[in-house]
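A.B. asks: Model the following, please.
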Amino acid sequence: MATGQGYASRCALGVESTWGTGVAVTELIPFTSESINRVIAQLESEYLDGNAGRRNLTNSVVSPAGDLECELVWDEIDTAIVGIERLLTGALGTGTWDAANSLTQYTLANTISRSYTLAFNKNVSVWESLGAKINTLKISGSAGEKVMLSAGIMAKNLLRTGDAGITNAAAALTALAPANIPQNIVFDDCVFRLADQANAIASGDAFAIDSFEVNVNNNFSEHQFSTPDATVTSALYSHEFLRNGRRETTLSITMPRYTADTIFGWLNSGTALQADLIFTSGSYIFTILLPNIRVTGDPTAPISGPELIAPSFNFTCLRNAGTNTDMTLTDTTAITEELAIEVTSARTSAA
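C.D. replies: Predicted structure coming up:
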């Protein structure tokens, strides 16, 4: 009998053409952990009949959700693709291949239509999430560590080996075995730059930081259920997740030393800022572009004892809408939303 062991597990995904209809997996995702679970509402009978015992439980609606934690890596290609860029399209909404510059541009879209079949081989069985969409995305890093990516997953259904309708068997995941081992993107690959919008951001705008966190929250609707109609075939499974409010995009940084009041001054004056994080390794480049941000919250530079004072800052990312024309994508396309990501890796087409 097989025993589920984390080291022997693997994750893969396929892009669905119809939300919630399973497809064969095509790409490996180098992940570190996952917590996607098939939550089933259980209804308990509570009628009174002169007995202290608990009554029957009846299974009701299904609400799979959880987190997928990954190391941020450079996508590689052999017989199959292994990497994380496919998740960027799922979280931001759009992935466009720039053939002239051999890079992929990931930009924010109002509608997140991309959904996946996510399959995990847990050795005992394959767990397959159908209609998986990415509600939240976090990219974070600290000095001396690897950069991490966390995706908050919401799914229509979760099947296991032997369940009716499951698409992928363990062999499908085992067959995806690229020879290339993806290379980690690490914190010391990064240059962080921050400036006002008076001029294009430049090398002189670099700031020393020892940690950062970029968050995108799509604010999807929770699992929503109804009786069947033309689009819903079962009252047990949710409607497709749609944006249920404005998305929230934020940046947080910490600095190892308090050396200037520049950012505190920008908060006081309400200055519109721009920032980017550029990770470089050989010919590979991963760039996070933030064309229109403001210092928000309560910046701190606390005295915690005799040690060095370490300030921290939070920023809210706002729609650009052509306000900052100096920060554009590599092909000079304007960034009209709060955030864009460009990646040069082994990919030769859009994720």
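
A.B. asks: Count the neighbours of the nearest residue to Trp127 once chain neighbours are set aside for me.
C.D. replies: Taking Cβ to Cβ, 6 or more residues apart in numbering, and ignoring the residues beside it in sequence, Trp127 has Phe120 as its nearest neighbour in space, at 4.7 Å. Quick note: C-beta positions are derived from backbone N, CA and C, even for glycine. Using other Cβ atoms under 10 Å, Phe120 has 23 other residues around it.

A.B. asks: Can I take it that Phe120 is in a helix?
C.D. replies: No: Phe120 is assigned strand when assessed by DSSP: H, G, I helix; E, B strand; the rest coil, not a helix.

A.B. asks: what residues are up against His223?
C.D. replies: Applying Cβ atoms under 8 Å, 6 or more residues apart in numbering, we find His223 in contact with Val61, Ser63, Ala65, Met154, Ser238, Phe241.

A.B. asks: quick check, Gly204 in a helix?
C.D. replies: Yes: membership of Gly204 in a helix is supported by three-state DSSP.

A.B. asks: what's near enough to touch it?
C.D. replies: Contact analysis of Gly204 by Cβ under 8 Å, 6+ apart lists nothing.

A.B. asks: Same check on the one 4 residues further on?
C.D. replies: Contact criterion Cβ under 8 Å, 6+ apart gives Met255, Pro256, Arg257 as the residues in contact with Ala208.

A.B. asks: Tell me the confidence at the residue nearest to Trp127?
C.D. replies: Phe120 carries a pLDDT value of 95.

A.B. asks: partners of it in the sheet?
C.D. replies: Note on Phe120: beta-bridge partners Cys11, Trp127, judged by DSSP bridges.

A.B. asks: That one contacts Arg10, doesn't it?
C.D. replies: Yes: Phe120 lies in contact with Arg10 (Cβ atoms under 8 Å); the separation is 7.5 Å.

A.B. asks: Can you tell me which of the contacts of Ala208 has the most neighbours?
C.D. replies: That'd be Met255 among the contacts of Ala208, by other Cβ under 10 Å, with 21 neighbours.

A.B. asks: Can you give me the distance of it to Ala172?
C.D. replies: As judged by Cβ to Cβ, to the nearest Å, Met255 and Ala172 stand 47 Å apart.

A.B. asks: And for Thr3?
C.D. replies: For Thr3 relative to Ala172 (Cβ to Cβ), the value is 21 Å.

A.B. asks: Settle it for me: which of the two has more neighbours?
C.D. replies: More neighbours surround Ala172 than the other of Thr3 and Ala172, with 18 against 8 (other Cβ under 10 Å).

A.B. asks: Now for Thr150: which residues touch it?
C.D. replies: To be clear, residue 150 is Ser; Thr isn't right here. Asp67, Leu68, Glu69, Cys70, Thr136, Leu137, Lys138, Ser140.

A.B. asks: How many neighbouring residues does the closest residue to Ser283 other than its chain neighbours have?
C.D. replies: Distance criterion Cβ to Cβ, 6+ apart; nearest residue to Ser283, sequence neighbours excluded, is Thr344 at 6.8 Å. Residues lying near Thr344 (other Cβ under 10 Å) number 19.

A.B. asks: Contact partners for Thr344?
C.D. replies: Applying Cβ under 8 Å, 6+ apart, we find Thr344 in contact with Asn101, Ser102, Leu103, Ser283, Tyr284, Ile285, Phe286.

A.B. asks: for the contacts of Ala208, which one is nearest Thr296?
C.D. replies: Nearest to Thr296 among those is Met255, at 16.9 Å by Cβ to Cβ.

A.B. asks: ok, that closest one - contacts?
C.D. replies: Phe207, Ala208, Ile209, Asp210, Ala310, Pro311, Ser312, Phe313.

A.B. asks: Just the ones of those in strands?
C.D. replies: In this view, the contacts of Met255 that belong to strands under DSSP state E are Phe207, Ser312, Phe313.

A.B. asks: Can you tell me the element the residue most central in space within the chain falls in?
C.D. replies: Centroid check for the chain by Cα atoms, centre = their mean gives Leu137 as the closest residue, at 2.8 Å. Taking DSSP states H and E as the definition, one finds Leu137 inside strand 126-142.

A.B. asks: ok, whichever helix or strand comes after that strand: who's next to it in the sheet?
C.D. replies: Using DSSP H and E, the next helix or strand after strand 126-142 towards the C-terminus is strand 148-154. Take DSSP bridges as the rule and strand 148-154 pairs in its sheet with strand 65-71 (antiparallel), strand 126-142 (antiparallel).

A.B. asks: All good on my end, thank you.
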